[in-house]
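A.B. asks: Sharing a model that was predicted from the sequence below.
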Amino acid sequence: EMLSRFKTVSEQKDTLRRLEKGEVDIVIGTHRLLQDDIFFKNLGLLIIDEEQRFGVKQKEKIKHLRTEIDILTLTATPIPRTLNISLHGLRDISTITTPPPGRLPVITEVRRFSMALIKTVVERELDRGGQIYFLHNRVQTIDDMAQKLRTLIPRARIIVTHGKLQPDELEKRILAFKNAEYDVLVSSTIIENGIDLANANTLIVNQAEKFGLAQLYQLRGRVGRSRKQAYAYFLYHMERLPLDAKKRLRAIVEASELGAGFQIAMKDLEIRGAGDILGANQSGAINVVGVSHFVRMLNQAVESLKAGHKVEKEEGVKDVTIEIPLPAYIPDEYILSSKEKISVYQKLAGADNEKYLIELKTELMDDYGKMPEEVANLFRVLEIKICAKQAGIINVKAENVHSQEDRQIVLHMSDKVKPANIMSLLEYNSKWIISGSKLKASFKDLGLNWVEELKKSLVALGKKIKNMPGAEVEK
């Protein structure tokens, strides 16, 4: 049986009665299946399609239908919380990335809103005998937009659909579009799921910056459902897009290959955060530190719990202070928003290896463009900090000896530094001088490119070398 608002009240009552008696084996329905008047005689299997359409409260209700029930969840774009739970082994996950035979990837473009562009795109699709979805997600102005399109393209037959229409009228209009009585369907997000028309192969989304990443991916999935080449145009109105909107639109263009839903979901996880595994939030928190660092921190906490005590931390010093004459900060003209700037600083503070630092550098350039010298210096300082930590150095400091011209770099060593490490440094650059628990080298000896030379020296000092038998550092 089927349950939805398209069924009459008497039909729904009859289905409910038969469900309770066990006379119905399979019931397929919308959110109608989650209402309080639903009772099953012996529910054994629940299949949830389009899982991203359900909130936490609805999922909790599903759990309470029966204590022991097998659940199969299907979605092209799992929400961050579900994906996070799956990635950490709390739920089984499998991916299907093989497209149907003959299916072509949708050509995707992000463009500024333009009536001239819309006219060109619609007429091209009409010329090849196809149909068009035009998504305008404001019911109050959807009829006005449809009228503008009728004026712009007189030969196009246009029909409007949205969720506030009566069920019979909505069904009638969708079927009329399906039967090729109309060329353009101007619609709200009601077409996001369940519409499968082989002849509709151009999608235009108005105000795309206001949609979520998973939503954009689902909408794009409405076209390209045959062997014809499909096109998706995401149009934005704002002069300067907010950072998250820019990330979402970039991600949807980059993930244009077939079966990219998992890639989209991973990006959504990074942009919006992982949510609470045991709470009600389906997203949040993780975007402060970045997904890779968050997972690393989580794994450390899990290992600590498994061991039942504090886990031995990796070799190195707890923290390193860097005091060198290098202007290293994020200028206001590079990142205008103070909130975004703080978020970037927080991510940088959590960088504990060069691979993660490279990821952050790429992300920063993608989001804000070419880095000014001060930001590039900030990354150089962080690279030095990581190398110093691995080498067992607790402080890297620039000091004046007699005058400003006679400056030198001083490395303060911890107990982690072994004689073999010092030998490795001197083999690389013999200009370094040992003075108690310090290593010193003048700026002149390090050369014009002293920052890079300092980094290389720290790498040489931090090499993993077997200790020489019986050797100790004299301090």
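C.D. replies: Yep, that arrived.
A.B. asks: For the one helix or strand Glu125 maps to, name the packing helices and strands.
C.D. replies: Using DSSP states H and E, Glu125 maps to helix 115-127. Packing partners of helix 115-127 (3 or more C-beta pairs under 8 Å, 6 or more residues apart in numbering; DSSP states H and E): strand 131-135, helix 142-152, strand 200-205, strand 231-236. For the C-beta atoms, the positions are set from N, CA and C on the backbone; glycine is no exception.
A.B. asks: Adjacent strands (with direction) for the shortest one?
C.D. replies: Okay, so that is strand 131-135. strand 184-187 (parallel), strand 200-205 (parallel) (DSSP bridges).
A.B. asks: closest to Leu439 out of these?
C.D. replies: strand 200-205 (59.5 Å; C-beta to C-beta).
A.B. asks: just how off-centre is that closest one within its chain?
C.D. replies: In terms of C-alpha atoms, centre = their mean, to the nearest Å, the centre of strand 200-205 is set 24 Å apart from its chain centre.
A.B. asks: Just the CA coordinates for that strand, please, in PDB.
C.D. replies: Extracted C-alpha coordinates of strand 200-205, given in PDB (Å, rounded to 0.1, in the frame of the first residue of the first chain):
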ATOM      1  CA  ALA A 200      14.200  17.600 -19.100                       C
ATOM      2  CA  ASN A 201      17.900  18.200 -19.400                       C
ATOM      3  CA  THR A 202      18.500  21.800 -18.400                       C
ATOM      4  CA  LEU A 203      18.300  23.100 -14.900                       C
ATOM      5  CA  ILE A 204      18.500  26.800 -13.900                       C
ATOM      6  CA  VAL A 205      18.600  27.500 -10.200                       C
END
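A.B. asks: Tell me the helix or strand right after it.
C.D. replies: Per DSSP H and E, the helix or strand that comes after strand 200-205 is helix 213-220.
A.B. asks: How far off centre is that following helix?
C.D. replies: Worked out by C-alpha atoms, centre = their mean, helix 213-220 lies 13 Å from the chain centre.
A.B. asks: Next: stretch 199-208.
C.D. replies: Offset of stretch 199-208 from its chain centre (C-alpha atoms, centre = their mean): 23 Å.
A.B. asks: What mean pLDDT does it get?
C.D. replies: Confidence for stretch 199-208, expressed as mean pLDDT, is 93.
A.B. asks: residues touching Val410, list them.
C.D. replies: Val410 is in contact with 395-399, 438-440, counting by C-beta atoms under 8 Å, 6 or more residues apart in numbering.
A.B. asks: in the stretch 51-200 of the chain, which spans are strands?
C.D. replies: 70-74, 107-112, 131-135, 158-161, 184-187, 200-205 (DSSP state E, counting those that start in this stretch).
A.B. asks: export those strands to JSON lines and tack on distance to Gln408 and mean neighbour count?
C.D. replies: Converted to JSON lines, those look like this (distance: least, C-beta to C-beta, whole Å; neighbours: other C-beta atoms under 10 Å):
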{"stretch": "strand 70-74", "distance to Gln408": "62", "mean neighbour count": "13"}
{"stretch": "strand 107-112", "distance to Gln408": "52", "mean neighbour count": "15"}
{"stretch": "strand 131-135", "distance to Gln408": "64", "mean neighbour count": "24"}
{"stretch": "strand 158-161", "distance to Gln408": "74", "mean neighbour count": "20"}
{"stretch": "strand 184-187", "distance to Gln408": "70", "mean neighbour count": "25"}
{"stretch": "strand 200-205", "distance to Gln408": "60", "mean neighbour count": "25"}
